[in-house]
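Q: What would the 3D arrangement of this be:
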Amino acid sequence: MVEAYLRYEPVAAATVPFGVIASVDSSISYDGSTLEKMGVWNVRQGICTKTLISSSSSHGPPLAVTSIASSQSSLFASGYADGSIRIWDCDKGTCETALNGHKGAVTALRYNKLGSLLASGSKDNDVILWDVVGEAGLFRLRGHRDQITDLVFLDSGKKLVSSSKDKFLRVWDLETQHCMQIISGHHTEIWSIDTDPEERYLATRSANPELRFYTIKHDLVDKRSMLK
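A: Below is the predicted model:
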């Protein structure tokens, strides 16, 4: 049995996408293309319906996109090389707000399940939690010694796990704004983390060919097994 799949390509051959995220119903995908453009694709029709470009000012040059993240609504976030974040409305094709707080390029973005909070990580080694509705930063989390690579919310948004090129995972209590656990074990940079829908397990991927799985308990993340 042979399956056929649609192929999506930017018009310019030199434009190489660095990341793709999908909408909740999977009919729309957002393509962060190097360096300044984001393409909104209709997956069913196989066409790019919108191209979104953000500049530092109304007459300034386009900003380089460094991270993207989708929410449960029509909103999605994009991070830029200058440390800024833009919140976009996919249906309107407009930038709803701009958030500024990082001193380095934004390298990780993640919404909570409700879409009311956005966590961002950067090359400045900091994590910032944002109130999406209030369009304001809530607080900054510091502790990592290298660039943030990924973020994931746990426990109905009360906890946040961050990964970094410093080879450590950190579990943050967002109510107290403190790091409640530091997890070591990876021998190379940790590049991505995620959980299953029931939040039973946390999976991590590092620069070497290795996956690690952790069992998520009430307040701690304990290592469960390792796959090579």
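Q: which residues of the chain score low on pLDDT?
A: 1-35, 55-61, 218-228 (pLDDT under 70).
Q: if we go to 90?
A: 1-64, 72, 74, 90-94, 155-157, 185, 198, 207-211, 217-228 (pLDDT under 90).
Q: Quick check: bridge partners of Ala108?
A: Gly121 (DSSP bridges).
Q: can you count the residues close to it?
A: If you count neighbours by other Cβ atoms under 10 Å, Ala108 ends up with 24. To be clear about C-beta, it is placed using only N, CA and C from the backbone, and glycine gets the same treatment.
Q: my guess is it meets Ser120, correct?
A: Yes. Under the criterion of Cβ atoms under 8 Å, Ala108 makes contact with Ser120 at 6.7 Å.
Q: what is in contact with those two at once?
A: The contact sets of Ala108 and Ser120 overlap at Ser67, Gly79, Leu151 (Cβ atoms under 8 Å, 6 or more residues apart in numbering).
Q: For Ser163, state which of those is nearest.
A: Leu151 (7.7 Å; Cβ to Cβ).
Q: pull the CA atoms of the strand or helix carrying that closest one into PDB?
A: Using DSSP states H and E, Leu151 sits in strand 148-154. Backbone C-alpha positions of strand 148-154 (Å, rounded to 0.1, in the frame of the first residue of the first chain) are rendered in PDB as follows:
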ATOM      1  CA  ILE A 148      16.900  28.300  27.200                       C
ATOM      2  CA  THR A 149      15.900  25.600  24.600                       C
ATOM      3  CA  ASP A 150      12.400  24.600  25.500                       C
ATOM      4  CA  LEU A 151       9.500  25.000  28.000                       C
ATOM      5  CA  VAL A 152       6.500  23.100  29.100                       C
ATOM      6  CA  PHE A 153       3.700  23.800  31.600                       C
ATOM      7  CA  LEU A 154       2.600  21.200  34.200                       C
END
